[in-house]
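# Sequence and computational prediction follow.
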Amino acid sequence: MIRDIIDELQSDWSVQRPDLDIEPMGVVLRIQTLAKILGDQTSARLQEFDLQWWQYDVLSTLRRQGKPFIMATTELAASTRLTTGAMTNRIDRLEEDNLVRRIKDDNDGRRVLVQLTKKGLKLIEEATKARFETATEALESLSTRQRNSLSDLLRLVLTNLAD
């Protein structure tokens, strides 16, 4: 197996602190390092579309709803794990760029709905294709079986930590 920088860190710690179990830290450090690398790669791809992460997050959340690509602001905030105040700020900025529009809910005058505009839909379609390509390229060294296995293992860790 090819050694990486994390192997070197583990080796150093095993000498300096032989009382510590270095194996879990190897997994955690690799995940953290991958998260940084993958985040940087995705940010670079999104910049091709003049998008930042937060913009992609909101637009893709609307896109995933399917036609007519609309959500209540409160649901959108909850889905992206933001406060309604933070979401209002983001919607304001996206609306200024004509990527989303606000609509009054005919059934409840207190509710505000957010919908992708044609410009927003076109942009998120292109950016999403690039985002998926970036993910595929990042994992091209793994077989389908390996990707599925890795996904299952990471899901197990995530669901246990979320409890």
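Structure received. Residues are numbered from 1 along each chain as shown.
# how about the helix or strand harbouring residue 125: buried residues?
If you go by DSSP states H and E, residue 125 is part of helix 118-138. Buried residues in helix 118-138, counted by 16 or more other Cβ atoms under 10 Å: 120-121, 123-124, 127-128, 130-131, 134. From N, CA and C alone the C-beta is placed, and that goes for glycine too.
# Could you figure out how far the helix or strand that that helix is followed by is turned away from helix 118-138?
Downstream of helix 118-138, the next assigned helix or strand under DSSP H and E is helix 144-162. Put simply, helix 144-162 runs at 110 degrees to helix 118-138, going by axes from the mean of the first three to the mean of the last three Cα atoms, to 10 degrees.
# Quick check: closest non-adjacent residue to the residue nearest in space to the middle of the chain.
Geometric centre of the chain, nearest residue: residue 57, 6.9 Å, by Cα atoms, centre = their mean. Distances taken as Cβ to Cβ, 6 or more residues apart in numbering place residue 80 nearest to residue 57, at 5.4 Å, with adjacent residues excluded.
# Quick check: pLDDT value at the one you found.
pLDDT, residue 80: 87.
# OK, contacts around the nearest residue to residue 99 once chain neighbours are set aside?
Nearest residue to residue 99 in three dimensions, chain neighbours excluded: residue 120, at 3.6 Å (Cβ to Cβ, 6+ apart). Residue 120 makes contact with 59, 62, 69, 94, 98-100, according to Cβ atoms under 8 Å, 6 or more residues apart in numbering.
# 7 Å - rerun?
Going by Cβ atoms under 7 Å, 6 or more residues apart in numbering, residue 120 touches 59, 99-100.
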